[in-house]
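Student: take a look and give me a structure for this.
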Amino acid sequence: MIMKKNLQTPVRQIRNTLQEAGVDLSMTTVHRRLHKQEYKGYIGRCKPLVCHKNRTARLQFVKKYFKKQPEFWKKVLWTDETKINLYQGDDKSKVWRRKGT
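Tutor: Residues are numbered from 1 along each chain as shown. Model (predicted):
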């Protein structure tokens, strides 16, 4: 089944995949079949996007600059022009899970 490969697959994409295979279903039917298979849509939990490489680089930065004097930091130009997401995006991602998992 398509859902076992990727639990974030939208209903529209499942329907399009089935149509390519020659099965013509509405999105409502796909939704009902997912519920019949005991899948339910949930909002996915946000996880930090910090991989091992970034974590190591950040730790090295902190170790290098942690004990610098305030005079050093007064010379640093701080800007707030970059938007940084600590977690995924601003949008909520829907995931399909079976009951009890």
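
Student: hey, C-alpha coordinates of the strand or helix carrying Asn16 in PDB?
Tutor: According to DSSP states H and E, Asn16 maps onto helix 11-20. Backbone C-alpha positions of helix 11-20 (Å, rounded to 0.1, in the frame of the first residue of the first chain) are rendered in PDB as follows:
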ATOM      1  CA  VAL A  11      -4.800  12.000  -0.200                       C
ATOM      2  CA  ARG A  12      -4.600  13.900  -3.500                       C
ATOM      3  CA  GLN A  13      -1.300  12.200  -4.400                       C
ATOM      4  CA  ILE A  14      -2.700   8.800  -3.500                       C
ATOM      5  CA  ARG A  15      -5.600   9.400  -5.800                       C
ATOM      6  CA  ASN A  16      -3.300  10.600  -8.600                       C
ATOM      7  CA  THR A  17      -1.100   7.500  -8.200                       C
ATOM      8  CA  LEU A  18      -4.200   5.200  -8.300                       C
ATOM      9  CA  GLN A  19      -5.500   7.100 -11.400                       C
ATOM     10  CA  GLU A  20      -2.100   6.500 -13.200                       C
END
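
Student: packing partners of it?
Tutor: helix 2-5, helix 27-36 (3 or more CB pairs under 8 Å, 6 or more residues apart in numbering; DSSP states H and E). C-betas here are computed from N, CA, C, even on glycine.

Student: swap in 6 Å and give it another go.
Tutor: Applying 3 or more CB pairs under 6 Å, 6 or more residues apart in numbering; DSSP states H and E, one finds that helix 11-20 contacts helix 27-36.
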